[in-house]
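Peer 1: coords below, sequence missing:
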């Protein structure tokens, strides 16, 4: 099957007025902008067309052709996905973008279909250095957004439903664009399922947002104030980021549970998610790491890399916690400033009213209005500080916990291998003793056990090697994603900061003639 | 040592009076006052303490020779600055205690002197001349008991503030002034809260920036390096935010803050004047009643008193009317200047900050490419 024809890729998010989703988005999002374009998440990020390349994504084999290309990342990772082989063939007609996963296997399976101009490192052997140096080519043709929180039901049985919208060109989905309604426990259920399946492999599974009894109770009770609205918005945004991280992960995207979550109209109620509160999750991780550190094991492989990285992760988690506390206090001060500004504005309005001189009175009233507008700006800026910076830090504190979990998994695997080795050794000693004591019937059993344990030792060693590879890969990917994520969020923050500042300038410019007009 | 206060004209130019700095002298502050000679032949440099200022104020109060002096709205002298004072005391000074090195306070003193020197009647007081030009500090002899002292003792006994006026003009003025005094004091206090919060925000930004620096690792690893770069760049951004808050707070302090503080104190000064006049009114009304009810034996004396009271009251009212007119126009001008200066400074800061933010944005976008 030669790649003679190329599928025409669907219009990109940057394309004007062609996007069927933008109409949908207009009703949905508050700002009236395309819900996908507005997100600066790693997934959507990949779809901002390079201005240099323009909007024409046809040049799929150009050197840079990553961010504009319509790609699917194929992973033929060892997880048991039914469709992967078929998908391989389906996608062979499209240009295949190499992901960081198993470049060699991908190259082998579809090498024949590649046009010779493919410049990507298709044929180089998989090696640690290779993995680290490879360009970040995680481009995914899938965007997901969480919008329209709606309260369903009344009283203490009420819950919030969120609209999960997906836009994709991946053939594993039935449609190109679709939406489903999910509630918070559904998200937690997804996490649990993914955890069960993948954490043993050493995958870093993005943790879901935290449960909040207080927050939800307020919503259920129907408290119609800004704190409820804030809570719902915070949760919506957190759920969105969570999903985006999940679909960004090449292995997880292939998981049928993820697909089902995105696509299926009705999901069975997730049960047992009460254990997965944020605090509970962290406790789980900490307990695991405590248990491991209590044993004074030193993995005596020559790779000190894992030790170093774990230390880095631990110290980074501490730093992020500090940062989070500082940002929290910043947010509080901003809110205080809002309050003070509003009160000041009122007092100026009163002063203006009492003033005889009309021009002065007018100017003072204008001043009061300017201050009121500033107050709104301060509010927005506080929200920005919070929703962008604080939440980013909180996300990563949780993510680092998940990373630590990964490392612990590897430790456990190593332990299991070591224990199996020592069991094997004991079995051999038993055999030796039996030989000496000359008990042929028991000897047979002993030999059988030895064979069994030899098998286990081999298996566990292979497991350990495999998980080491995965953890390392995952970690490198995580680091790259982290930098990208931080960068894009900070850019978003700066953009809002700049916008707010420019409005400040406009307010002052408008006020100056008023002040000068006083006579 | 001081000569009797004689009528004369000031030998320095009122607008050139400056209080340039406050020098700490143990527990006290000494202020350097500089003014330019009208003749253009140089300047005067003197050092004065707050006690010296108080002495001046007392001198001004004690001018009995000027008829209707009670009708003058005396420029308000800021309260005594205390070094190492408890927070409550500093709070009373409000804006004047804020700012570095008592700069705000110096500016308030400066305004006070300029206002006195610009006043047609008060500027003629020899005490002012001595205050500004004499190299020796003015004596601290007890000022002669001016009418004010008598009156201030009397004030305590009487609750005349609400006493109905005979003149609509004055009644309106008193009502307005009452409102304005309350409003301007309240506005000043609210504004202080705003500025204090802005300063707090600047400090919080400083903490944030420092904490970010602690995240920087000197690693060879490219991924770690990339993240460290992000932290460094972000801390630069936070530094800019900090600087913005500091500037905004400083601008608020030195323009509108100072203006509102002065406005508030001036309204108080007008209130005091109006009260003095009201007291005179009460005196007059009492004297009239006495004259009416007087027995023939005392009638002549009572009548005389009544006439004197009437004359004094008319003088005071006359002066008061002029002062009120002048006060209205200067207070408008005062606020106008404060508002314009405030707006201009904030606009400049806002533009600066906007520019810096857009630079940061560009730098961030270019990171890691």
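Peer 2: That came in fine, so what should we check first? Keep in mind it's a predicted model, so treat the numbers as computed, not measured. Numbers count the residues shown, from 1 in each chain, chains lettered A, B, ... in the order given.
Peer 1: Now stretch A:158-174: buried residues?
Peer 2: By neighbour count with 16 or more other CB atoms under 10 Å in any protein chain shown, stretch A:158-174 contains the buried residues A:160, A:161, A:162, A:163, A:164, A:165, A:166, A:167, A:168, A:170, A:172, A:173. Quick note: C-beta positions are derived from backbone N, CA and C, even for glycine.
Peer 1: Which strands border the helix or strand the fifth one falls within, and is each parallel or antiparallel?
Peer 2: Counting by DSSP states H and E, the element that carries residue A:164 is strand A:159-168. Based on DSSP bridges, the strands next to strand A:159-168 in the sheet, each with its direction, are strand A:142-152 (antiparallel), strand A:177-183 (antiparallel).
Peer 1: Serialize those strands to a markdown table and add fields for mean neighbour count and mean pLDDT.
Peer 2: Output for the strands paired with strand A:159-168, formatted as a markdown table (neighbours: other CB atoms under 10 Å in any protein chain shown; pLDDT from 0 to 100):
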| stretch | mean neighbour count | mean pLDDT |
| --- | --- | --- |
| strand A:142-152 | 19 | 87 |
| strand A:177-183 | 17 | 89 |
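Peer 1: So which of those strands is nearest residue A:456?
Peer 2: strand A:142-152 (39.6 Å; CB to CB).
Peer 1: Contacts for the strand holding residue A:164 next, please.
Peer 2: Applying CB atoms under 8 Å, 6 or more residues apart in numbering or on different chains, the external contacts of strand A:159-168 come out as A:21, A:24, A:28, A:35-36, A:141-153, A:173, A:176-185, A:216, A:219-220, A:232, A:235-236, A:239, A:243, A:261-263.
Peer 1: for stretch B:205-213, same thing?
Peer 2: A:319, A:322-323, A:326-327, A:329-330, B:231-232, B:234-235, B:238-239, B:241-242, B:245.
Peer 1: Nearest to residue A:391 among the buried residues of stretch A:158-174?
Peer 2: Once CB to CB is applied, the member of these that ends up nearest residue A:391 is residue A:162, at 16.4 Å.
Peer 1: Pairing partners for that closest one in the sheet, please.
Peer 2: Note on residue A:162: beta-bridge partners by DSSP bridges are residue A:182.
Peer 1: And it, how close does it get to residue A:187?
Peer 2: 8 Å (CB to CB, to the nearest Å).
Peer 1: And whichever strand or helix holds residue B:262, what does it pack against?
Peer 2: If you go by DSSP H and E, residue B:262 is part of helix B:258-293. Judged by 3 or more CB pairs under 8 Å, 6 or more residues apart in numbering or on different chains; DSSP states H and E, the packing partners of helix B:258-293 are helix B:103-118, helix B:147-157, helix B:168-213, helix B:296-365.
Peer 1: Would you mind finding the most buried of these?
Peer 2: helix B:103-118 (a mean of 22; mean count of other CB atoms under 10 Å in any protein chain shown).
Peer 1: how far off helix B:296-365 does it point, in degrees?
Peer 2: Angle of helix B:103-118 versus helix B:296-365, following axes from the mean of the first three to the mean of the last three CA atoms, to 10 degrees, is 140 degrees.
Peer 1: what sits up against helix B:103-118?
Peer 2: Taking CB under 8 Å, 6+ apart as the rule, helix B:103-118 contacts B:10, B:12, B:14-15, B:17-22, B:31, B:33, B:53, B:56, B:60, B:75-78, B:81, B:93, B:95-99, B:122-123, B:128, B:132, B:253-254, B:257-258, B:261-262.
Peer 1: Same check on stretch B:81-94?
Peer 2: B:22, B:24, B:27-29, B:50, B:78-79, B:96-97, B:102, B:105, B:188-189, B:192, B:261.
Peer 1: The same query, at a cut-off of 10 Å, please.
Peer 2: The contact list for stretch B:81-94 (CB atoms under 10 Å, 6 or more residues apart in numbering or on different chains) reads B:22, B:24-29, B:31, B:50, B:78-80, B:96-98, B:102, B:104-106, B:108-109, B:185, B:188-189, B:191-192, B:195, B:257, B:260-261, B:264-265.
Peer 1: again with stretch A:330-339
Peer 2: A:374-387, A:389-390, B:193-194, B:196-205, B:207-208, B:238, B:241, B:245.
Peer 1: what's the closest non-adjacent residue to residue A:215?
Peer 2: Using CB to CB, 6 or more residues apart in numbering or on different chains and skipping the chain neighbours, the partner closest in space to residue A:215 is residue A:231 (4.1 Å).
Peer 1: Return the set of buried residues in stretch B:59-79.
Peer 2: Quick answer for stretch B:59-79 (16+ other CB under 10 Å): B:59-63, B:66, B:68-79.
Peer 1: Does it reach chain A?
Peer 2: No - counting by CB under 10 Å from any CB of the partner chain, chain A is not contacted by stretch B:59-79; separation bottoms out at 16.2 Å.
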